[in-house]
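Asks: With the sequence up front, the predicted model follows.
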There are 2 protein chains.
Amino acid sequence: MTTRSTYLELADRLADQLRDTPPGTRVASEYELVASHGVSRLTARAALQELEHRYLVQRVRGSGTFVRRRIDYTISKHIVPSFTATVAAAGARPGTRLLSVRRRDPEPVHSYEPEIADGGSIVEVRRLNLVDGEVAGVLTSVLPGDRLPGLEEHLGDDFSLHTLVSQVYGVQLQRYRHQVLLDVPDRDVADLLGDEAPRPCWYAESLNRVKGTTQLGEYSYTWSNPHVIRMVFQIEEEG
Amino acid sequence: MTTRSTYLELADRLADQLRDTPPGTRVASEYELVASHGVSRLTARAALQELEHRYLVQRVRGSGTFVRRRIDYTISKHIVPSFTATVAAAGARPGTRLLSVRRRDPEPVHSYEPEIADGGSIVEVRRLNLVDGEVAGVLTSVLPGDRLPGLEEHLGDDFSLHTLVSQVYGVQLQRYRHQVLLDVPDRDVADLLGDEAPRPCWYAESLNRVKGTTQLGEYSYTWSNPHVIRMVFQIEEEG
DNA sequence: CAGTGGTCTAGACCACGGG
DNA sequence: CCGTGGTCTAGACCACTGG
């Protein structure tokens, strides 16, 4: 048994201490570890970064290192596809911030867009998903523009898109196809998520129908931060 | 627009060059980057590590840095739950290595174990999943011991567990519940996966029934390396 | 054996946050 | 303003891989 490296030993010891520490608690700073463990700053830093890679802590420049909490975000057939409801169910405070609303023609490259537009235009909504005030994801939603006139006026922060579309326009959306994978986003999405560089993130894609019909009503995709959200996917059989 | 850090600029430039490079190709070493870009070794190293975090390259001590390929591993209702078949379908060479077979009593702590044992014992199989010879995951499978007498003699490397159970014992397994999430494994699992320290990995849990009955026939869980496997989960509605 | 990546040191400057 | 984390340098020793 070879001895593990100094920074991993240190990280493991810190991880043990953090097991029962409530979220938000401050962790020793790099210089404090230098003083208390007689290691160089780079070694102390490597240990704290190791904890960050394990989703245990969050590091904030100028402020410090803090214990992090991950939210269980469950996706299954039986759960309504609503960010707000799902986060609230997990015991955290959800929020959203509107980034942009854009009207444009459907692009035939994406086969679903003409079908959603249904002979008319496309309205594309982009927003940030927040958990306890922290950016947890970026949502882009593609909707039928002609069916949702004046959508811009109704939109704002902390809205539920599906509720709005249902209550104001009488269009109810129903899950049709859902797909999720782990991948590395582009620079611009990483920027929106607050990451300096692209990090592996959840990519969730949804195709929803207008309830009771076979008409496509929405296509959306979301990049979510795995540090904040611990997604759970469930597939169940009947019987 | 603030200037990005040196190592990220370097990483982005290298990532661009790697876009159309075939898997297995060698990437410039740390010292080569030091010589060619006039940076310190730590900066060159940070750039290469950045690429590793983006799943673009694999770094091997004593050997070098190489372009990596990720396998699409799709899980959906309509696809048979077989590692071998799924990997082969993705165009890669699957393999498995038997780690251990153990017989024991069911533990009532896990409610499914007595149900699987069905009044008898439990047989627990552990194996490594390989993709192109590289460790991609660790599988642990819990099966009814009394129904599979002499299972040990039939097991070996590069076997399909479900095929064996079906052909030798006439027990066909059918998907019942499936759950997947991203989490950080324990030290021992990280060791088996070849990681020095625990890294975020896929955790896939399966509960399967004996075909045509409501009898539980298998419980299994797999830790998979996201660097090798790019899981895709699909949920589809009927109609 | 030479070359690779993994670790560690001591020291420096910077950007940022909060009192 | 001070303390935080983020970056960078120069130099060193190590473990491992391959010819």
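Replies: The structure has been received and is ready for your questions. Being a predicted model, the structure only gives us computed values, none of them experimental.
Asks: wait, what's in contact with A:Pro198?
Replies: For A:Pro198, the set of contacting residues under the criterion of Cβ atoms under 8 Å, 6 or more residues apart in numbering or on different chains consists of A:Val184, A:Pro185, A:Asp186, A:Arg187, A:Val189, A:Ala190, B:Arg54. Using the backbone N, CA and C atoms, a C-beta is placed for each residue, glycine as well.
Asks: Could you identify the buried members of those residues?
Replies: Buried residues within these, defined by neighbour count using 16 or more other Cβ atoms under 10 Å in any protein chain shown: A:Val184, A:Pro185, A:Val189, A:Ala190, B:Arg54.
Asks: Where helices are concerned, which of the residues you listed count?
Replies: Among the buried ones among the contacts of A:Pro198, the members found in helices (DSSP state H) are A:Val189, A:Ala190.
Asks: Mind picking the two most distant members of the buried ones among the contacts of A:Pro198?
Replies: Longest distance between any two of the buried ones among the contacts of A:Pro198 is 13.1 Å, between A:Val189 and B:Arg54; criterion Cβ to Cβ.
Asks: which one of the contacts of A:Pro198 is nearest DNA strand C?
Replies: Top of the list for closeness to DNA strand C, among the contacts of A:Pro198 and by Cβ to the nearest atom of the strand, is B:Arg54 at 14.9 Å.
Asks: Do you know the pLDDT at the nearest residue to that closest one once chain neighbours are set aside?
Replies: Of all residues not flanking B:Arg54 in the chain, A:Val184 sits nearest, at 4.7 Å (Cβ to Cβ, 6 or more residues apart in numbering or on different chains). The predicted structure scores A:Val184 at 95 on the pLDDT scale.
Asks: who are the neighbours in contact with A:Val184?
Replies: A:Val184 makes contact with A:Pro198, A:Arg199, A:Pro200, A:Cys201, B:Arg54, B:Tyr55, according to Cβ under 8 Å, 6+ apart.
Asks: The contacts of A:Pro198 into TSV, with extra columns for distance to DNA strand C?
Replies: Supplementary listing: the contacts of A:Pro198 in TSV, determined by distance: Cβ to the nearest atom of the strand, whole Å:
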residue	distance to DNA strand C
A:Val184	19
A:Pro185	21
A:Asp186	21
A:Arg187	17
A:Val189	20
A:Ala190	16
B:Arg54	15
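Asks: what's the farthest-apart pair in those residues?
Replies: Between any two of the contacts of A:Pro198, the greatest separation by Cβ to Cβ is 13.1 Å, found for A:Val189 and B:Arg54.
Asks: Which of the helices or strands spans the nearest residue to A:Glu113 once chain neighbours are set aside?
Replies: For A:Glu113, the nearest residue in space outside its immediate sequence neighbours is A:Pro106; the separation is 3.8 Å by Cβ to Cβ, 6+ apart. Per DSSP states H and E, A:Pro106 falls between elements, in no helix or strand.
Asks: A:Ala90 is in contact with A:Ile79, isn't it?
Replies: No: with contact defined as Cβ atoms under 8 Å, A:Ala90 does not reach A:Ile79; the gap is 11.4 Å.
Asks: can you tell me the helix or strand for A:Arg175?
Replies: If you go by DSSP H and E, A:Arg175 is part of strand A:173-183.
Asks: Who are the packing partners of that strand?
Replies: Packed against strand A:173-183, as judged by 3 or more Cβ pairs under 8 Å, 6 or more residues apart in numbering or on different chains; DSSP states H and E, are the following elements: helix A:161-169, strand A:201-210, strand A:216-224, strand B:229-236.
Asks: So which of these is nearest A:Glu32?
Replies: For the helices and strands packed on strand A:173-183, distance to A:Glu32 was read as Cβ to Cβ. The smallest value, 31.3 Å, belongs to strand A:201-210.
Asks: what's the offset of stretch A:47-67 from the middle of its chain?
Replies: Mean C-alpha position of stretch A:47-67 versus that of the full chain (Cα atoms, centre = their mean, to the nearest Å) differs by 19 Å.
Asks: how close does A:Arg70 sit to DNA strand C?
Replies: Between A:Arg70 and DNA strand C the computed distance is 22 Å (Cβ to the nearest atom of the strand, to the nearest Å).
Asks: residues touching that residue, list them.
Replies: The neighbourhood of A:Arg70, defined by Cβ under 8 Å, 6+ apart, consists of A:Tyr55, A:His227, A:Val228, A:Ile229, A:Arg230.
Asks: picking that back up, got phi/psi on the residue nearest to B:Arg54?
Replies: Its backbone dihedrals place A:Val184 at phi -100, psi 120, with angles given as degrees, to the nearest 10.
Asks: Can you tell me, leaving aside adjacent residues, what's nearest to A:Gly194?
Replies: With Cβ to Cβ, 6+ apart as the criterion, A:Gly194 has its nearest non-adjacent residue at 5.2 Å, and that residue is A:Val135.
Asks: I'd say that neighbour and A:Ala190 touch.
Replies: No: between A:Val135 and A:Ala190 there is no contact, the gap being 11.2 Å when judged by Cβ under 8 Å.
Asks: that older thread, any chance of the helices and strands packed on strand A:173-183 in JSON lines, plus mean pLDDT, distance to DNA strand D and mean neighbour count?
Replies: Compiled in JSON lines, these are given as follows (pLDDT from 0 to 100; distance: least, Cβ to the nearest atom of the strand, whole Å; neighbours: other Cβ atoms under 10 Å in any protein chain shown):
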{"stretch": "helix A:161-169", "mean pLDDT": "90", "distance to DNA strand D": "33", "mean neighbour count": "17"}
{"stretch": "strand A:201-210", "mean pLDDT": "94", "distance to DNA strand D": "18", "mean neighbour count": "21"}
{"stretch": "strand A:216-224", "mean pLDDT": "96", "distance to DNA strand D": "20", "mean neighbour count": "21"}
{"stretch": "strand B:229-236", "mean pLDDT": "88", "distance to DNA strand D": "22", "mean neighbour count": "20"}
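Asks: Looking at the ones you listed, which is nearest to DNA strand C?
Replies: It's strand B:229-236; of these, that one is closest to DNA strand C (Cβ to the nearest atom of the strand) at 20.1 Å.
Asks: Off-centre distance for that closest one?
Replies: Between the mean C-alpha point of strand B:229-236 and the mean C-alpha point of its chain there is a distance of 13 Å (Cα atoms, centre = their mean).
Asks: Spell out whether that strand and chain A are in contact.
Replies: Yes: contact of strand B:229-236 with chain A is found when judged by Cβ under 8 Å from any Cβ of the partner chain, involving B:Arg230, B:Met231, B:Val232, B:Phe233, B:Gln234, B:Ile235, B:Glu236.
Asks: which residue ranges form the strands in chain A?
Replies: In chain A, strands defined by DSSP state E lie at A:26-27, A:57-60, A:64-67, A:71-75, A:94-104, A:122-131, A:134-144, A:173-183, A:201-210, A:216-224, A:229-236, listed in chain order.
Asks: can you redo those as a markdown table with distance to B:Arg70?
Replies: As requested, those are exported to a markdown table (distance: least, Cβ to Cβ, whole Å):
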| stretch | distance to B:Arg70 |
| --- | --- |
| strand A:26-27 | 33 |
| strand A:57-60 | 27 |
| strand A:64-67 | 31 |
| strand A:71-75 | 22 |
| strand A:94-104 | 30 |
| strand A:122-131 | 26 |
| strand A:134-144 | 22 |
| strand A:173-183 | 9 |
| strand A:201-210 | 13 |
| strand A:216-224 | 18 |
| strand A:229-236 | 18 |
